[in-house]
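Visitor: how would this look folded up:
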Amino acid sequence: EVQQAAIDYGEVQPEKIQRWRQQARWRAFIPSLSIGADTNLTDFRHWDSGASPDMLMRGERDLDWSANMSWELADFVWSTDQTSIDVRSKLMVQLRDDILDQTTRTYFERRRLQVELMTTRPADPKTQIEKELRVQELTALLDGLTGGWFSDELERRQAL
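Guide: Purely as a prediction, here's the structure:
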């Protein structure tokens, strides 16, 4: 449970990589869209050819617009995002392994220390306090790895 909470908090679930791959496949169906509009800032002037032919008239501004859609047909076979996903996937697996390793080591160091405190009480009060502080430190580390889930879970279980 602690390991799963650490994976969830670190957002390094294997399903995340699968979602990336699926989204990269669907991306091929979505076109690139570009829309443009442009106006000619110079006003058109022309000689009036109507009732007063000697008059210089101001015309309407020129407005151009365009819209383009394009698909990258190669993405239907192989997405260029795949290489990036593969690199990120490898990094995520390494990060997940590091999180699991740190979580497991911290959890079992805490458990060993708890068992030691329950089975053999140190004669020296200072040693007793140091070991209790170490348990609290390890608990805080597990909270950091799980986003506070560990302490919340301990409190929930004690309340039962």
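Visitor: what segments of the protein are strands?
Guide: For the chain, applying DSSP state E gives strands covering 32-39, 45-47, 56-58, 63-70.
Visitor: give me the angle between the last one and strand 32-39.
Guide: In this structure, strand 63-70 runs at an angle of 170 degrees to strand 32-39, with axes from the mean of the first three to the mean of the last three Cα atoms, to 10 degrees as the basis.
Visitor: just the C-alphas of strand 63-70, formatted as PDB.
Guide: Extracted C-alpha coordinates of strand 63-70, given in PDB (Å, rounded to 0.1, in the frame of the first residue of the first chain):
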ATOM      1  CA  LEU A  63      -9.000  42.300 -46.300                       C
ATOM      2  CA  ASP A  64      -7.400  38.900 -46.900                       C
ATOM      3  CA  TRP A  65      -8.100  35.800 -45.000                       C
ATOM      4  CA  SER A  66      -7.000  32.100 -45.200                       C
ATOM      5  CA  ALA A  67      -7.600  28.800 -43.500                       C
ATOM      6  CA  ASN A  68      -5.400  25.700 -43.900                       C
ATOM      7  CA  MET A  69      -5.800  22.200 -42.600                       C
ATOM      8  CA  SER A  70      -3.200  19.500 -43.000                       C
END
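Visitor: pairing partners for it, with directions?
Guide: Here strand 63-70 is paired, per DSSP bridges, with strand 32-39 (antiparallel).
Visitor: can you tell me the average pLDDT over the partner strand?
Guide: Mean pLDDT, strand 32-39: 83.
Visitor: quick thing: my sequence starts at 6, can you match it?
Guide: Okay, using 6 as the starting number, the last item reads as strand 37-44.
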